[in-house]
Every structure is written in structure tokens, then in C-alpha cells.
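[1] Following is a predicted model, sequence given first.
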Amino acid sequence: MLRVLAGGAIAPVFAGPVSAAEAGPFAMWRDPGCGCCLAWAARIEAAFGRKLRITDSPDMAAVKHKYGVPDDLRSCHTGLIGSIVVEGHVPPDDIKRLIAGRIPNVKGLAVPGMPAGSPGMDVGHTQKDPYEVIAFSAAGKRSVFARHR
């Protein structure tokens, strides 16, 4: 069941709260040649008030496979915020919203590709593309978690 949230965001009905970002891993893996990942990491650190462990990986496909990121949802970096897999340029507020109202069976959030105007892709860009944040499960189920215009 979906419900409309403020700002045009859409999300499945929430279950109970968790503090995944405080208790678990806080890390990001990135291709060493990608600079937008560092801009996204800075946003995450500022939003959560915590240092993100950043690891350069020459084999990002292996990292994404390890954390179960579906091929068509992949982007340039993969994060682990507590038990939540975060793929690509997911806004910090969306991650916080997922943590505050944990959705059963959601493994992670993804912003496929690298949309202009998304966190980390907004430095030096005047263009802002609309994009969706996709919630995904280990079983392959997906839903639109948020829409950004």
C-alpha cells in the first residue's frame, strides 16, 4: 500500500523506528576516478554528523554484487548506512526517513545513474533533472520511495 507524503514523495506504509545509522556501519565504496561521490559523502557526513568511511575500489561491480544492488539500479558509488544499502545519489533526508520509519524487507535505496541536480551531482550544474529514489528488497521487489523534481 502506498501513501503520499509531503513534497510529492511516495512511500510504502512504515513499520517501527530503528537507529540503523547510529549503530551499524557508516561506509561508502567508490570508483577512485569519480569525484561526485566525494561531494555526496560530504552531504551525508553533514546530515548525520558522523564521518563516513570511504574506500576506493577498482572493482565496484563486486561491491555492488556483495550488497545485492540490482544491475539496473546501479550508480557510481555504494554506501552502507547501518543495515541499509544506499546506491548512488540518494538524498540524506530520504535515508533518514527510511531509518525513522523502517519499511519491512527493504534492503536499500537507489538513485540509478547520475541525475543532474541530485546530491553530489549539483556542484557546478544549473540543470536539475527529475529523478526517483527506488526502495528495493533482497527478493527483488521495488517501489518508488520518493520523487524529486
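    Perfect, I can see it now.
[2] okay, CA-based contacts and neighbour counts for the rest of this
    OK.
[3] ok, longest helix in the chain?
    Determined from DSSP state H, the single longest helix within the chain is helix 36-48.
[4] Tell me, how many residues neighbour the residue nearest to residue 44 when sequence neighbours are not counted?
    Excluding the flanking residues, the one nearest residue 44 by C-alpha to C-alpha, 6 or more residues apart in numbering is residue 92, at 5.8 Å. Neighbour count for residue 92, taken as other C-alpha atoms under 10 Å: 18.
[5] Then residue 104?
    There are 12 residues near residue 104, going by other C-alpha under 10 Å.
[6] hmm, back to that, what residues sit buried inside the longest helix of the chain?
    Buried positions in helix 36-48, judged by neighbour count with 16 or more other C-alpha atoms under 10 Å: 36-37, 40-41, 43-44, 48.
[7] taking the mean pLDDT, what do you get for it?
    Average pLDDT, helix 36-48: 95.
[8] State the distance from the residue lying farthest from the centre of the chain to residue 81.
    Within the chain, residue 126 marks the point farthest from the mean C-alpha position, 22.4 Å out by C-alpha atoms, centre = their mean. Per C-alpha to C-alpha, to the nearest Å, residue 126 is found 29 Å from residue 81.
[9] same deal with residue 27?
    From residue 27 to residue 81 the distance is 7 Å (C-alpha to C-alpha).
[10] What score does residue 91 have for pLDDT?
    98.
[11] Count the neighbours of it for me.
    Quick note: residue 91 (other C-alpha under 10 Å) scores 22 neighbours.
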